[in-house]
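J.: model this:
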Amino acid sequence: MKKSFSTILLALSLVLACCTKEINNIVGPSPAAAPIAALTATPDTLPIGGGKVVLKWTTLNALGASINQGIGAVSVNDSLV
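T.: This is a model prediction of the structure:
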């Protein structure tokens, strides 16, 4: 399903799930590191009338990612035109 750049960019939301560990006592395992995401859009500007854009994202410590507006689940490190 194709979406316009402005719709995807304005509605883009990477939902990152991080692993949590239950700590049963004070001397238990450390909780998982928080997920971090970086997102780029190329080109970063479009001519009047629009055009194609490549969205690219990379994550660290993420177990999953999704994009709203009908895109759904995506790999934690991926790109989309």
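J.: any weak-confidence spans in this protein?
T.: Counting by pLDDT under 70, the chain contains low-confidence residues at 1-30.
J.: 80 - rerun?
T.: Across the chain, the ranges flagged by pLDDT under 80 are 1-32.
J.: mind listing the helices for it?
T.: Taking DSSP state H as the test, the helices found in the chain are 5-11.
J.: ok, which stretches of the chain are strands?
T.: 36-42, 54-60, 65-67, 72-74, 78-80 (DSSP state E).
J.: can you put those in TSV and add mean neighbour count?
T.: Using the backbone N, CA and C atoms, a C-beta is placed for each residue, glycine as well. Formatted as TSV, the entries for those read as follows, by neighbours: other C-beta atoms under 10 Å:
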stretch	mean neighbour count
strand 36-42	13
strand 54-60	16
strand 65-67	18
strand 72-74	12
strand 78-80	14
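J.: could those go into TSV alongside distance to Ile48?
T.: Formatted as TSV, the entries for the strands of the chain read as follows, by distance: least, C-beta to C-beta, whole Å:
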stretch	distance to Ile48
strand 36-42	17
strand 54-60	20
strand 65-67	25
strand 72-74	29
strand 78-80	23
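J.: mind checking how far Ile67 is from Gly49?
T.: Plainly put, Ile67 is 24 Å away from Gly49 if you go by C-beta to C-beta, to the nearest Å.
J.: oh, I was asking about Ala41
T.: Per C-beta to C-beta, Ala41 is found 17 Å from Gly49.
J.: same question, Gly70
T.: For Gly70 relative to Gly49 (C-beta to C-beta), the value is 23 Å.
J.: between the two, which one's more packed in?
T.: Gly70 (11 against 5; other C-beta atoms under 10 Å).
J.: Bridge partners for Val74, pull those for me.
T.: When assigned by DSSP bridges, Val74 has beta-bridge partners Ala65.
J.: can you pull the contacts of it?
T.: Applying C-beta atoms under 8 Å, 6 or more residues apart in numbering, one finds that Val74 lies in contact with 57, 65-67, 80.
J.: I'd like those as TSV, with distance to Ala32 appended.
T.: Written out in TSV, the entries for the contacts of Val74 read as follows (distance: C-beta to C-beta, whole Å):
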residue	distance to Ala32
Trp57	20
Ala65	16
Ser66	19
Ile67	23
Leu80	26
